[in-house]
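**Q** Sequence below, structure please.
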Amino acid sequence: MRVSIKALNQFLHAAELGSIAKAAAELNVVPSAISNAIDLVEREFELQLVQRYPAKGIRPTAAGLAMMRKIRHLVEEYDTLFLEGAELRTALSGSMTIGYYAPVAPAFMPAIVAPLVRDHPGIRVNLVEADNERAQTGLLDGEFDLILFVAENVRTGIDCHLLIEAPPYVLVPHDHALRNREFVTRDDLGNEPLVLLDLPITNEYYRNLAGDPAQPANIVATASTHEMVRSLVGAGVGCSILNMRPATAVTYAGDEVLAIPLRGDARALKLALGHMGGKPRRLVQAFMDATREHFARAAASNLIMPV
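**A** Numbers count the residues shown, from 1 in each chain. Below is the predicted model:
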């Protein structure tokens, strides 16, 4: 090999820690060894992989982030090769970073992550909330190993696995006039004051559901988080249109809200698992498998309203 695993590992530690000195201390080598390893890796790939900032450490470039993902895969596979017996076949180790654009991710993500962390103490999972565009860009640039996102305008190079289709529903305060309805239509909303979840993709989607050019929606408040929307509805500010729902009907403020199916020609939003294809690392594959299994179970249906 023209670049040793040792040099790749030293480069990876420095890039992840953002510091040559910290990497040297963690690996018990002199800082010049780390600096030389970075130079060697950059020279071999003929790419600038880090930016150096005197007295402030280093930061990976976009190319560096992409190479870090590949090097991390190689280093972890190399380490796994030397495990003995059954551990060679089953051990999961290392870290992975997952970008997600799913407002109710706290309703399902912990159930997926918890068994992996419990059964494999050597792993670490980093969860990063992002909008749909940043999630896809982060995956393509190597910042994320996987993404969960709304399958709209999927970028070239990303492989998708559909997890769930979530039809829209109307969220109302517990004492609202529509509370006993089996379902509602857009006409039922009329000039009802609405609270809008103001995020990329969902903004236009909800505006189109709530109104039309002849009768624009009566939007009285917007919020950028799912729980703030629910809390505003619970406080009586207005109704809202959402897609996925948490397991509880109580807001952070302790108010009760009710979800009612929205009938009509409204299309569902599709939550998907995105990855770069090919053969992923063992840890990444384990998370992909666990996510697919979770959404294949009947329990996942609690996240959506029946039509």
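**Q** which non-adjacent residue is nearest the spatially most central residue of the chain?
**A** Centroid-nearest residue in the chain, with Cα atoms, centre = their mean: Y100, separated by 1.3 Å. Excluding the flanking residues, the one nearest Y100 by Cβ to Cβ, 6 or more residues apart in numbering is L148, at 4.3 Å. (C-beta placed from N, C-alpha, C; glycine too.)
**Q** I'd assumed H275 was in contact with the one you found.
**A** No - at 10.4 Å, L148 does not count as touching H275 under the criterion of Cβ atoms under 8 Å.
**Q** So which residues of the stretch 201-307 of the chain form strands?
**A** Using DSSP state E, counting those that start in this stretch, the strands of the stretch 201-307 of the chain run over residues 219-223, 240-242, 257-261, 269-275.
**Q** So which other helices or strands are in contact with the last one?
**A** Right, strand 269-275. On a contact count with 3 or more Cβ pairs under 8 Å, 6 or more residues apart in numbering; DSSP states H and E, strand 269-275 meets helix 132-141, strand 146-150, strand 159-166, helix 282-296.
**Q** If you count neighbours, what's buried in the last one?
**A** I take that to be helix 282-296. By 16 or more other Cβ atoms under 10 Å, the buried positions in helix 282-296 come out as R282, L283, V284, A286, F287, M288, A290, T291, H294, F295.
**Q** how close does the second one get to P115?
**A** Read that as L283. Distance, L283 to P115, using Cβ to Cβ, to the nearest Å: 13 Å.
**Q** Need the three-state assignment for R72.
**A** Reduced to three states with DSSP: H, G, I helix; E, B strand; the rest coil, the structure at R72 is helix.
**Q** what's the neighbour count on it?
**A** Using other Cβ atoms under 10 Å, R72 is surrounded by 23 other residues.
**Q** Just give the number of residues close to the closest residue to it other than its chain neighbours.
**A** Distances taken as Cβ to Cβ, 6+ apart place L12 nearest to R72, at 6.1 Å, with adjacent residues excluded. Other residues lying near L12 total 20 when counted by other Cβ under 10 Å.
**Q** Now do the same contact list for L12.
**A** Residues near L12 by Cβ atoms under 8 Å, 6 or more residues apart in numbering: M68, I71, R72, V75.
**Q** For it, give me phi and psi.
**A** Note on L12: backbone dihedrals following degrees, to the nearest 10 are phi -60, psi -40.
**Q** can you pull the contacts of the closest residue to K70 other than its chain neighbours?
**A** In space, and not counting its chain neighbours, K70 is closest to G142: 7.6 Å by Cβ to Cβ, 6+ apart. By Cβ under 8 Å, 6+ apart, G142 lies in contact with A62, L65, A66, M67, M68, R69, K70.
**Q** and the host helix or strand of the fifth one, how far from the chain's centre?
**A** Here M68 sits within helix 62-81, counting by DSSP states H and E. The chain centroid and the centroid of helix 62-81 are separated by 21 Å, computed with Cα atoms, centre = their mean, to the nearest Å.
**Q** Okay, buried residues for it please.
**A** By 16+ other Cβ under 10 Å, the buried positions in helix 62-81 come out as 63-69, 71-73, 75-76, 80.
**Q** name the helices or strands packed onto it?
**A** Checking 3+ Cβ pairs under 8 Å, 6+ apart, helix 62-81 ends up next to helix 5-17, strand 94-100, helix 132-141, helix 282-296.
**Q** Please repeat the previous calculation with a cut-off of 7 Å.
**A** The contact analysis (3 or more Cβ pairs under 7 Å, 6 or more residues apart in numbering; DSSP states H and E) places helix 62-81 against helix 5-17, helix 132-141.
**Q** quick one: the longest one to chain centroid distance?
**A** Looking back up the chat, that one is helix 5-17. Here helix 5-17 is found 26 Å from its chain centre; the criterion is Cα atoms, centre = their mean.
**Q** what's the model's confidence in it, averaged?
**A** Average pLDDT, helix 5-17: 91.
**Q** Next secondary structure after that helix?
**A** Next along the chain after helix 5-17, taking DSSP H and E as the criterion, comes helix 20-27.
**Q** how many neighbours does E227 have?
**A** The number of residues packed near E227 is 15, by other Cβ under 10 Å.
**Q** Contacts only, for it.
**A** Each residue near E227 by Cβ atoms under 7 Å, 6 or more residues apart in numbering is listed here: Y252.
**Q** where does the residue lying closest to A286 once chain neighbours are set aside land in three-state SS?
**A** Once flanking residues are discounted, A286 sits nearest to L92: 5.7 Å by Cβ to Cβ, 6+ apart. Classification of L92 using three-state DSSP returns coil.
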